[in-house]
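Engineer: got a predicted model here, sequence first, then my questions.
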Amino acid sequence: MIREAELTPTPTPSRWLEVSTVRDLSQLARLRDEWNGLIDDSRSGPFNAWEWLYPWCRRIGADRQPFVMLARDRVGRLMGLLPLGFEQRRVWGRVVRRLAFLGETHVGSDYLDVVARRGQEEEVARLFAESLWELRDQWDVLDLTDLREDSVTVRVLREVFDKYGVASRLTERYVCPYETLGKGESFDDFLKRTSRRDNYLRRKKWLEKQEGYCIEKTELPGALAGPLTDFFRLHASRWASDGGSQGIRGRGVESFHRDATQLLAERGQLRVYTMKVGGQAVASVYGIVHGSSFIYFQSGYDPEWRNRSVGLVLVGETFRDALESGLTEYDFLRGTESYKADWTTKQRHTVSLRVLAPGGAGKWFVRHEEGMRQAREVTKKLLPQNAVERVRRFRRRLSAIRG
């Protein structure tokens, strides 16, 4: 556990802000309303929401101690937060204290970042950076993963630590394909600028002739049980031949999603689309609406219907619904799978930032990671490619069993 430390209230040019930290789950639970008010007045991404990070702490990160930094003004109004968690790792007999984003593992959280009120992003990020420096004797490694490459936080943290003579390491992470949707643009006009128009129309025409064909959209909290069960089954079926899904793996992760979808639905942000033919679910998409964006999170389909392109048609219908809802962006998140390129023309990138506290044990952590990476590379070179793939599939199955 990190010992509680006092932080020096830091005056800023435009206002006075004070930083405090939330260190336990019960305190985190009570922040929901304030957190929601803050994120609604921010440019922050969907996976910085309380509805995502609180269930992550309960279901995935139970071994992490919350370390959520809060910035409040003179009247106590929440102006920003930095959702971090603290963990201890033992490396070569040494304890390494690591600070990282809540939500960083198992659930594919892209665009993690500081949450700050609009127009206050740089001021709040700088305040948190100075506070992290002030607390440098309490952590060894600061690992911030999957920020947008254009994040103000990245620039500010590097500036602040550079000022104190501490180097930071910036690493590329993922490519995230997305598409902008024209205001008032019709779905037909949108289809004309994709490479899948003809195939989509042909496949949809065939499906519409099948008895019981329909697409259901579920948004209400009380109606999720059936559609989510269909989604998990179809997602698992889709990835079974590849050794299991890397995106939703194990009972803990499934429990997390059942919690998170319920909370997101309470906020009116969840969309679960289910395609049925003859009363049987054959494809599913799990999406999130955040501000003016549709976030395509995960999907699944029945492999027996693969040749009928049920996944393609259902994705097309989610684009249709996004346009008809007046949304202006469709985001596929991380991954450069070919089907994403069929629908999009734009990409953004995510990065990770690492800082080692001066004089700490962080160097041992970095050396351990580098040693493990080199060992993996040597193994890949020694094993035939088909053997490497078999090992990967085995590890996925084993991870799913362990749950």
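Structural biologist: Happy to help now that I have it.

Engineer: Phe232 should be in a helix, yeah?
Structural biologist: Yes - counting by DSSP: H, G, I helix; E, B strand; the rest coil, Phe232 is located in a helix.

Engineer: can you tell me how far it sits from Arg238?
Structural biologist: Phe232 sits 11 Å away from Arg238, going by C-beta to C-beta, to the nearest Å. Glycine gets a C-beta too; all of them are placed from N, C-alpha and C.

Engineer: same deal with Ala49?
Structural biologist: Taken as C-beta to C-beta, the span from Ala49 to Arg238 is 27 Å.

Engineer: ok, those two, which is more surrounded?
Structural biologist: Using other C-beta atoms under 10 Å as the criterion, Ala49 and Arg238 rank with Ala49 on top: 25 against 20.

Engineer: find the residue closest to that one in space, skipping its chain neighbours.
Structural biologist: Nearest residue to Ala49, sequence neighbours excluded (C-beta to C-beta, 6 or more residues apart in numbering): Ile39, at 5.6 Å.

Engineer: that neighbour in helix, strand or coil?
Structural biologist: helix.

Engineer: that one is in contact with Val115, isn't it?
Structural biologist: Yes - using C-beta atoms under 8 Å, Ile39 is in contact with Val115, at 5.6 Å.

Engineer: which residues do those two both contact?
Structural biologist: Asn48 (C-beta atoms under 8 Å, 6 or more residues apart in numbering).

Engineer: low-confidence ranges, the stretch 51-200 of the chain, go.
Structural biologist: Along the stretch 51-200 of the chain, the model assigns pLDDT under 70 to no residue.

Engineer: mind listing the helices for it?
Structural biologist: 121-134, 152-163, 187-192, 197-208 (DSSP state H, counting those that start in this stretch).

Engineer: what packs against the helix or strand following the last one?
Structural biologist: Yep, that's helix 197-208 we're talking about. Later in the chain than helix 197-208, the nearest helix or strand by DSSP states H and E is strand 214-218. The contact analysis (3 or more C-beta pairs under 8 Å, 6 or more residues apart in numbering; DSSP states H and E) places strand 214-218 against strand 270-277, helix 310-324.

Engineer: make TSV from the ones you listed and add mean neighbour count, mean pLDDT and distance to Leu353 to it.
Structural biologist: Supplementary listing: the helices and strands packed on strand 214-218 in TSV, determined by neighbours: other C-beta atoms under 10 Å; pLDDT from 0 to 100; distance: least, C-beta to C-beta, whole Å:
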stretch	mean neighbour count	mean pLDDT	distance to Leu353
strand 270-277	22	98	30
helix 310-324	21	98	32
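
Engineer: can you give me the helices in the stretch 301-403 of the chain?
Structural biologist: 310-324, 338-343, 362-382, 385-402.

Engineer: who does the closest residue to Val366 other than its chain neighbours form a beta bridge with?
Structural biologist: In this structure, Val366 finds its nearest non-sequential neighbour in Leu356, 7.0 Å apart by C-beta to C-beta, 6+ apart. Leu356 has the following beta-bridge partners by DSSP bridges: Val141.

Engineer: worst mean pLDDT among the helices of the stretch 301-403 of the chain?
Structural biologist: Here the helices of the stretch 301-403 of the chain differ in mean pLDDT, and the lowest is helix 385-402 at a mean of 53.

Engineer: for the residue positioned nearest the centre of the chain, give its distance to Leu234.
Structural biologist: Most central in the chain under C-alpha atoms, centre = their mean is Ser109, positioned 1.3 Å from the mean C-alpha point. Relative to Leu234, Ser109 is positioned 22 Å away (criterion: C-beta to C-beta).

Engineer: one more: Ser299?
Structural biologist: 8 Å.

Engineer: so what sits against both of the two?
Structural biologist: Contact criterion C-beta under 8 Å, 6+ apart; residues shared by Ser299 and Leu234: 283-284.

Engineer: please say which of these two ends up with more neighbours.
Structural biologist: Neighbour tally, Ser299 and Leu234, criterion other C-beta under 10 Å: the higher count belongs to Leu234, 25 against 21.

Engineer: how about the nearest residue to that one, chain neighbours excluded?
Structural biologist: According to C-beta to C-beta, 6+ apart, the nearest residue to Leu234 is Gly300 (3.3 Å).

Engineer: show residues contacting stretch 31-39.
Structural biologist: 22, 48-51, 54, 68, 78-81, 115-117, 267.

Engineer: make sure Ile295 is actually in contact with Glu329.
Structural biologist: No - Ile295 is not in contact with Glu329 according to C-beta under 8 Å; the separation is 9.1 Å.

Engineer: those two: which is more packed in?
Structural biologist: Ile295 (23 against 16).
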